[in-house]
Every structure is written in structure tokens, then in C-alpha cells.
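Participant: Got a predicted structure plus its sequence, pasted below:
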2 protein chains.
Amino acid sequence: MKKIFFVTTNPGKMREATGIGRRFGITFVQNSYDCFEVQSDNLGEVAGEAAKDSFAHLKTPLIVEDSGVFIDALKGFPGPYSAYVYKTVGTEGVLKLMEGLKDRKAVMRSSVAYADGKQIKLFNGEVSGIISDTKKGSEGFGYDPIFIPDGKAKTFAEDTAYKLQVSHRAKALRAFCEWFSKK
Amino acid sequence: MKKIFFVTTNPGKMREATGIGRRFGITFVQNSYDCFEVQSDNLGEVAGEAAKDSFAHLKTPLIVEDSGVFIDALKGFPGPYSAYVYKTVGTEGVLKLMEGLKDRKAVMRSSVAYADGKQIKLFNGEVSGIISDTKKGSEGFGYDPIFIPDGKAKTFAEDTAYKLQVSHRAKALRAFCEWFSKK
């Protein structure tokens, strides 16, 4: 088993990474270092800078993941500030902002940044879908109860088995694991 | 006249600073360097880090100002991300989130950070008020059309003369000017 630090305080992200890592022989070790995050519309920049800062502090190879939901009709809101918006106005607030809007298209994006002191490497994933009219489902976390992936009728929170196959984060983490397992 | 760089791309902020600086014999020179901004609930931290980054780039004494409107019923949203929220969902979005809410209390906060390579110094200002039910007034900028300061019936965008006396930014800039003029 190869080991690597995953700098996150989110148990849901940790659970998803553990499930994916297992299939590649990779163990993710959680580290709760409160890393530096820049304000940027570019998730890759946020994750990359956070990984750089985390490495300076922890001095061991690690990944950081940043993700967000980008809603077309809201000009990309909440985007890179999805975590902040979630803890303040919540999914209820986002549904309120979407009231009466016909264009419900949204993209969930994830950037995984790897740092080892020699390089910063980014792995990105995304999944397209729509914002539901109401919250549905109790699994997953974050925006899962209001996000329905393209081609499906259920939210990520109603069908986490499907989420783990196609989600933005699963894609980004899988791309990282494929690369890291051969490193 | 003492001169100092004001790192901002916002003409409204520049105008307010010019008016205040004049009374202290201070000329603000606009600089549009796109400085680094961290994600933080603390405006002082955002402004301080931005000033540090700006000084590393410009190598001349300067100020940076960061501000936001913190709405009680929305757990402080949009707070440090007020500029991002303004350019995505706008004041209309904030009013939509406030629909039906009786508690309309809000605080506008401003942090001015000065950097000269030897020190970073912070000057803060705030003004309490409420979020109006509808947009009113056409002067000012940002959240001015939906913010009514305590003790008044008009928004900042309906009464900019009053705004310039009591606003969060006026207080922070005035505190800076008092200190800088004696420096």
C-alpha cells in the first residue's frame, strides 16, 4: 500500500477518497491542517496554492481537493465559494435564488492538487447536471441533495452509488490515483 | 501633499478616498495591480495579506481596502465574498434570499491595510443598519441601494452625502489618514 496525506477536514471527502484509493492500492491519511486558500474563480489555482502552503507546513507528499457547484443562471455562483455559501445560506438559499428560473443547468467541478516539494500537479474532474426544485435524498453531503446529474432523475444524495461512479471528485481522485499508483 | 498608492480597480472606492484624503492633505494614487486575496471570514486578514502581496510587487508604500456586508439572518453572508456575490447573483439575489425575513439587521465592514515593507497596519470601520425590502437610489455603488443605516430611512444610494460621513469605508479611511498625516 502506498500512503499519502489528504489535507481536509471534511469526512465525506475522506470517505470518497478511501473508497477510490483502495482499488489502486493507495491509503489516504487524513490531515486537518488549516491551509491557506486564495480567492479565485479558478479551482485549480485555489487547490494548487493550498497544496503548496500545506507542503511548506507538513513537508510530506500530500493532496488537497477543492470543489464547487457552478450554476449557469447565477453566473457561476456559488462556484469557488460553495463551502462558504453552504455554511451560511445553505442549499435552501440556493434553491430560493433558483425559484422561478427555467435554466437549471449546473456543473460540479473538482480539482485535486498534489504537492511533494518538487512539483505541484493538478487533476480535474467535472459532472454536468441540473439543480433540482427541492432537496431530495439524505446520503452524501454538501450540494448532493439538490444536484441531479445528466441522464438521471435522482439527486446525488438519493443515489450515492451512482455518484461515486460519475462525480466530479471521483473523476479527479481517480485521475490522481492512476498517476500516483505508477509513480 | 503626501502621496500614497491605493491598490484598487474600483472607481467608487477611489472617489471616496480622494474626498477624504483631501481634508488631510493626502493624495491617493490609483494602482490596478491584481493582488492576491485569501479566503477568510476576517476582512483584516484579507486586506493585510493583499497589502503584503502588493508591496512585494510594487515596492512602494500603499493601502488596500477590503469590505463587505454581513447580514445577521444569513449567518454573515455575503461577508468577505460580497464582491463575488455582487457580480454573480447581485443585490437582486440578496433581496431574494431575504424575502419574508423579519430580521434584516446587517453590518457593513471595511478594513484598510497599509504596507511599507516594514509594517502592515490595519484600520477598521463599520456601520450598522438594515437591508431594505427593495432597491432604492442610484448613487454610490455595490450594496448601497439596499443598505439603510441605523437612524435613517434612506439607503446609502439615496443619500451619499450621509454615506460619506458615516460609512464603514469612510471611518476606516479617516482613521488611516489621521495616522498617515502625522507619520
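Facilitator: That came through, no problem.

Participant: near chain B, which residues of chain A show up?
Facilitator: Within chain A, the positions lying close to chain B (CB under 8 Å from any CB of the partner chain) are A:36-39, A:46, A:74-79, A:81, A:84-85, A:87-89, A:93, A:96-97, A:99. In this view, the C-beta of every residue, glycine as well, is placed from N, C-alpha and C.

Participant: if you set the cut-off to 10 Å instead, what comes out?
Facilitator: Taking CB under 10 Å from any CB of the partner chain as the contact definition, chain A meets chain B at A:36-41, A:46, A:49-50, A:53, A:66, A:70-71, A:73-81, A:83-85, A:87-90, A:92-94, A:96-100.

Participant: Tell me which of those fall in helices.
Facilitator: A:46, A:49-50, A:53, A:83-85, A:87-88, A:90, A:92-94, A:96-98 (DSSP state H).

Participant: Whichever of the residues you listed end up buried, select them in ChimeraX.
Facilitator: Provided next is the ChimeraX selection string for whichever of those are buried by 16 or more other CB atoms under 10 Å in any protein chain shown:
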select /A:46,49,50,53,83,84,85,88,90,93,94,96,97,98
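
Participant: which ones are touching the residue positioned nearest the centre of chain A?
Facilitator: Nearest residue to the geometric centre of chain A (CA atoms, centre = their mean): residue A:67, 3.5 Å. By CB atoms under 10 Å, 6 or more residues apart in numbering or on different chains, residue A:67 lies in contact with A:10, A:13, A:43, A:46-47, A:80, A:82-83, A:108-112, A:125-126, A:142-143, A:167-169, A:172.

Participant: Please repeat the previous calculation with a cut-off of 7 Å.
Facilitator: Contacts for residue A:67 (CB atoms under 7 Å, 6 or more residues apart in numbering or on different chains) come out as A:43, A:108, A:109, A:110, A:168, A:169.

Participant: And for residue A:175?
Facilitator: Residue A:175 is in contact with A:123, A:125, counting by CB under 7 Å, 6+ apart.

Participant: Surely it forms part of a strand?
Facilitator: No - under the criterion used here (DSSP: H, G, I helix; E, B strand; the rest coil), residue A:175 is helix, not part of a strand.

Participant: coming back round to it: of the contacts of residue A:67, which is the nearest to residue B:161?
Facilitator: For the contacts of residue A:67, the closest approach to residue B:161 (CB to CB) belongs to residue A:43, at 42.7 Å.

Participant: If we ignore the residues flanking it in sequence, what's nearest the closest one?
Facilitator: Leaving aside its chain neighbours, residue A:43 sits nearest to residue A:111 (4.2 Å; criterion: CB to CB, 6 or more residues apart in numbering or on different chains).

Participant: how close does the one you found sit to chain B?
Facilitator: Using CB to the nearest CB, to the nearest Å, residue A:111 is found at 15 Å from chain B.

Participant: any residues touching the helix or strand hosting that residue, and which ones?
Facilitator: Element membership for residue A:111, per DSSP states H and E: strand A:105-115. Residues outside strand A:105-115 that contact it (CB under 7 Å, 6+ apart): A:43-44, A:47-48, A:50-52, A:54-55, A:62-72, A:120-131, A:147, A:167-169, A:172-173, A:176.

Participant: just to revisit the earlier point, Throw the contacts of residue A:67 into CSV and include neighbour count, distance to residue B:22 and pLDDT, thanks.
Facilitator: Formatted as CSV, the contacts of residue A:67 follow (neighbours: other CB atoms under 10 Å in any protein chain shown; distance: CB to CB, whole Å; pLDDT from 0 to 100):
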residue, neighbour count, distance to residue B:22, pLDDT
A:43, 26, 43, 94
A:108, 26, 50, 98
A:109, 23, 46, 98
A:110, 24, 49, 97
A:168, 25, 51, 97
A:169, 25, 53, 96
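
Participant: Identify the residues contacting residue A:30.
Facilitator: Contacts for residue A:30 (CB under 7 Å, 6+ apart) come out as A:6, A:8, A:14.

Participant: swap the cut-off to 6 Å and go again
Facilitator: Neighbouring residues of residue A:30 by CB atoms under 6 Å, 6 or more residues apart in numbering or on different chains: A:6, A:14.

Participant: Okay, and the beta partners of residue A:109?
Facilitator: Under DSSP bridges, the beta-bridge partners of residue A:109 are residue A:68, residue A:126.
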